[in-house]
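**Q** Sequence plus the predicted model coming up.
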Amino acid sequence: MNVRRPRRRPAEPARRLERRDTDVRRGRGQRGSGMVTALVLMFAFTAGGVIWLSRDVNRRVSHRSAAQSIAFQAARTGAQQISIGSLRDAGSDELVIDGPRAVEQAGAVARRLFIEYGVTGTVDSVSIDGEVVTVTVTILDPAGDVTGVGAAEPETGP
């Protein structure tokens, strides 16, 4: 009777087995870490973008409101510069605006309001059409300049 014995494989050195087991364990712990890192970075950049955009939009809306307010107050000041002769003429219902003085006062008020609002701006134009004074101002901002227009006319009291 011929009995075959299974062939024995030569034993591998112990060091080689240890290294192979360590490599297998190392690889198992790293599965998905690249995806997690990518998601964390994506959410961080998205959150940063949303914060930057909200701050930028908020500042732009604030500057638009300030430009409108400054332009209107400057126009109102310009409209208050009425010629003394038209005030003394009791029979006339028409008020005449003193043009040079209105332009000067409207510009001065706008420049003072730029300082009080804490913004940098310019007075683009002051125009007088009959009894209506129109002032155009621009607030300068690195994100984009904002323009405001205000108009006012003088009124007589009761």
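**A** Nice, thanks for sending it over. Nothing here was measured: the structure is a model prediction, and the numbers come from that model. Residues are numbered from 1 along each chain as shown.
**Q** quick one, helices of the chain?
**A** Counting by DSSP state H, the chain has helices at residues 14-29, 33-79, 84-88, 99-117.
**Q** Pick out the shakiest of these, pLDDT-wise.
**A** Among the helices of the chain, helix 14-29 carries the lowest mean pLDDT, a mean of 54.
**Q** Can you tell me which residue is spatially central in this structure?
**A** The residue lying closest to the centre of the chain (CA atoms, centre = their mean) is Asp56, at 2.4 Å.
**Q** Tell me how far that one lies from Pro142.
**A** Distance of Asp56 to Pro142, given as CB to CB, to the nearest Å: 10 Å. Backbone N, C-alpha and C define where each C-beta goes, glycine included.
**Q** hang on, the earlier thing: show me what contacts the closest residue to the residue nearest to the centre of the chain other than its chain neighbours?
**A** Excluding the flanking residues, the one nearest Asp56 by CB to CB, 6 or more residues apart in numbering is Ala143, at 5.3 Å. Applying CB atoms under 8 Å, 6 or more residues apart in numbering, we find Ala143 in contact with Asp56, Arg59, Arg60.
**Q** Can you redo the residues you listed as TSV, where the extra columns are distance to Thr46?
**A** Below are these laid out as TSV (distance: CB to CB, whole Å):
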residue	distance to Thr46
Asp56	16
Arg59	21
Arg60	21
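**Q** of those, closest to Arg4?
**A** Asp56 (83.0 Å; CB to CB).
**Q** Val137 versus that closest one, what's the distance?
**A** Distance, Asp56 to Val137, by CB to CB: 21 Å.
**Q** Figure out which of the helices of the chain is closest to Ala151.
**A** Relative to Ala151, the nearest member of the helices of the chain by CB to CB is helix 33-79, separated by 5.4 Å.
**Q** Which elements pack onto that closest one?
**A** Helices and strands touching helix 33-79, by 3 or more CB pairs under 8 Å, 6 or more residues apart in numbering; DSSP states H and E, are helix 99-117, strand 120-129, strand 132-140, strand 146-152.
**Q** No further queries at this time; thank you.
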